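Participant: got a sequence here, can you build the structure:
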Amino acid sequence: MMLLRPLAAVAAALLVAAGGPAADPAAPELAAAVRPYVEREALAGAAFLVADKERVLGRDSVGFADIAGRAPMSPDALFWIASMSKPVTAAALMILVDEGKVKLDDPVSAYLPEFAGVKVQPDKAKAEFRAPARAMTVRDLLRHTSGMPFASAAEAPTLDGLPLKDAVASYARTPLHSDPGAKYLYANTGINTAGRIIEVTSGTSYEAFLDARLFGPLGMTDTTFWPSEAQAKRLATGYRPGEDKKGLVATKVAQLRYPLTDRTTRHPMPGGGLFSTTDDVAKFGRMVLNGGELGGKRVLSAAAVKEMTTRQTPAEMKESYGLGWAVGGDGYGHGGAWATNLWLNPSAGRVYVWMVQHNGFPADGGQAQGAFRRAADVKYPPAKR
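Facilitator: The predicted structure is shown next:
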């Protein structure tokens, strides 16, 4: 496959356009920090945003949404956000916790009876099974301590090929890798199962619940499992490193079926199926930073937000994870398989959104996000307390 290069000959004019008119308020200092990674062909393009509780402080973009077509990256480009879907699903479930319809420490089987007979297979080389030491709880699903593997054998060749009900039923037939609560095993299965609990307790489909209770109230009009034809035109191309980790090669999302616009063969995946934009992700992040409220509309209780964003994994585990959120350092957030990221720093009152479509980077492209964050903290320092 041919490498999509060189870029340097056309970079100057297009990079100016990419960071310009569409961004409001523009953030040229952030663009300047990221642009060198594009110029040395370590990064195809990026869109990024910094916000506080009240507003977007700055957003911009650099590079290319499509190198071959010489299409500049735009601040309103659409991205597959992959596992950034996990905190969205957790937030949706916590709405039902707020309403008393779901309890975090209930067994999963209280909502999905098929899980009552799940077994543990301690040694994968042996066909020996036993009952788990304790029941799998809803909390286990959201903190990756359910004992379930990342996916089931039925979820092949892509992760979005089964209706959610059928995918989750296949998990109940799949032996656990460990006792619930005993180990941290990062998995789509737990989050997907939480999505199914949303369906059975709300009486509506998972995707309809998201639209009605999260995306609608927050004004997240560009967040979806199925990009429309119009949105697909704004979808950033994915890239991977070329041979010997040099240059960039266009690639597709192996985990998803194409065309991505097809609602008949593709199904919602709570653990990693969403597409979104910097603005939409920032709205979700600002709602959480505000303790469950945005623009006068309360989506979650402050208690639910605290529960999600506080470490839930046991102290003896090295992994620090809340309920659908990675927790540690200066805050909490989540990344995606193609290097997208949402991070919230509550002490600084900041939301950082970083959007790229990279299945790996050549050279130092993976360091571009750090350059963005450092430039953002210089440009928009938190007020002194």
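Participant: for the residue most central in space within the chain, which non-adjacent residue is closest in space?
Facilitator: Central residue check for the chain by Cα atoms, centre = their mean: the C-alpha nearest the mean position is that of Met84, 0.9 Å away. What sits nearest to Met84 in space, not counting adjacent residues and going by Cβ to Cβ, 6 or more residues apart in numbering, is Gly336, at 4.6 Å. For the C-beta atoms, the positions are set from N, CA and C on the backbone; glycine is no exception.
Participant: now Gly273
Facilitator: Closest to Gly273 by Cβ to Cβ, 6+ apart is Phe225, at 4.9 Å.
Participant: circling back to that earlier point, the residue nearest to Met84 and Val38: what is the separation?
Facilitator: Counting by Cβ to Cβ, to the nearest Å, the gap between Gly336 and Val38 amounts to 20 Å.
Participant: the two - which one has more neighbours?
Facilitator: Neighbour count, other Cβ atoms under 10 Å: between Gly336 and Val38, Val38 has more, with 26 against 23.
Participant: quick check: closest non-adjacent residue to the more buried one.
Facilitator: Per Cβ to Cβ, 6+ apart, closest to Val38 is Gly63, 3.9 Å.
Participant: the one you found contacts Leu43, correct?
Facilitator: Yes - between Gly63 and Leu43 there is a contact under Cβ atoms under 8 Å: 6.2 Å.
Participant: return every residue with contacts to both of the two.
Facilitator: When contacts are counted by Cβ atoms under 8 Å, 6 or more residues apart in numbering, Gly63 and Leu43 have Val34 as shared neighbours.
Participant: sorry, back to before: contact partners for the residue nearest to Met84?
Facilitator: Gly336 sits next to 80-85, 272 when contact means Cβ under 8 Å, 6+ apart.
Participant: now go through those residues and say which are in strands.
Facilitator: In strands, defined here by DSSP state E, the members of those are Trp80.
Participant: got JSON lines for the contacts of Gly336, with pLDDT and distance to Asp123 too?
Facilitator: Conversion of the contacts of Gly336 to JSON lines gives the following (pLDDT from 0 to 100; distance: Cβ to Cβ, whole Å):
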{"residue": "Trp80", "pLDDT": "98", "distance to Asp123": "36"}
{"residue": "Ile81", "pLDDT": "98", "distance to Asp123": "36"}
{"residue": "Ala82", "pLDDT": "98", "distance to Asp123": "32"}
{"residue": "Ser83", "pLDDT": "98", "distance to Asp123": "29"}
{"residue": "Met84", "pLDDT": "98", "distance to Asp123": "35"}
{"residue": "Ser85", "pLDDT": "98", "distance to Asp123": "33"}
{"residue": "Gly272", "pLDDT": "98", "distance to Asp123": "29"}
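Participant: list buried residues within the contacts of Gly336.
Facilitator: With neighbours counted by 16 or more other Cβ atoms under 10 Å, the contacts of Gly336 contain buried members at 80-85, 272.
Participant: between those residues, which sits nearest Lys101?
Facilitator: Minimum distance to Lys101 across the buried ones among the contacts of Gly336 is 21.5 Å, recorded for Ser85 (Cβ to Cβ).
Participant: Provide the partner residues of Pro107 in its beta bridges.
Facilitator: Thr137 (DSSP bridges).
Participant: tally of neighbours for it?
Facilitator: The criterion is other Cβ under 10 Å. On that basis, Pro107 has 17 neighbouring residues.
Participant: same check on Ala131?
Facilitator: Under the neighbour criterion other Cβ under 10 Å, Ala131 is assigned a count of 11.
Participant: how about Gly324?
Facilitator: For Gly324, which is what you asked about, the neighbour count (other Cβ under 10 Å) is 30.
Participant: does it really touch Thr310, like I thought?
Facilitator: No - with contact taken as Cβ under 8 Å, Gly324 and Thr310 are classed as non-touching, separated by 11.9 Å.
Participant: joint contacts of these two?
Facilitator: The contact lists of Gly324 and Thr310 share no entry, where a contact means Cβ under 8 Å, 6+ apart.
Participant: which SS class is Ser146?
Facilitator: Applying DSSP: H, G, I helix; E, B strand; the rest coil to Ser146 yields a three-state assignment of coil.
Participant: how close does it get to Pro175?
Facilitator: Distance from Ser146 to Pro175, by Cβ to Cβ: 12 Å.
Participant: repeat that for Pro75.
Facilitator: Taking Cβ to Cβ as the measure, Pro75 and Pro175 are separated by 46 Å.
Participant: so these two - more neighbours on which side?
Facilitator: Neighbour count, other Cβ under 10 Å: between Pro75 and Pro175, Pro75 has more, with 23 against 17.
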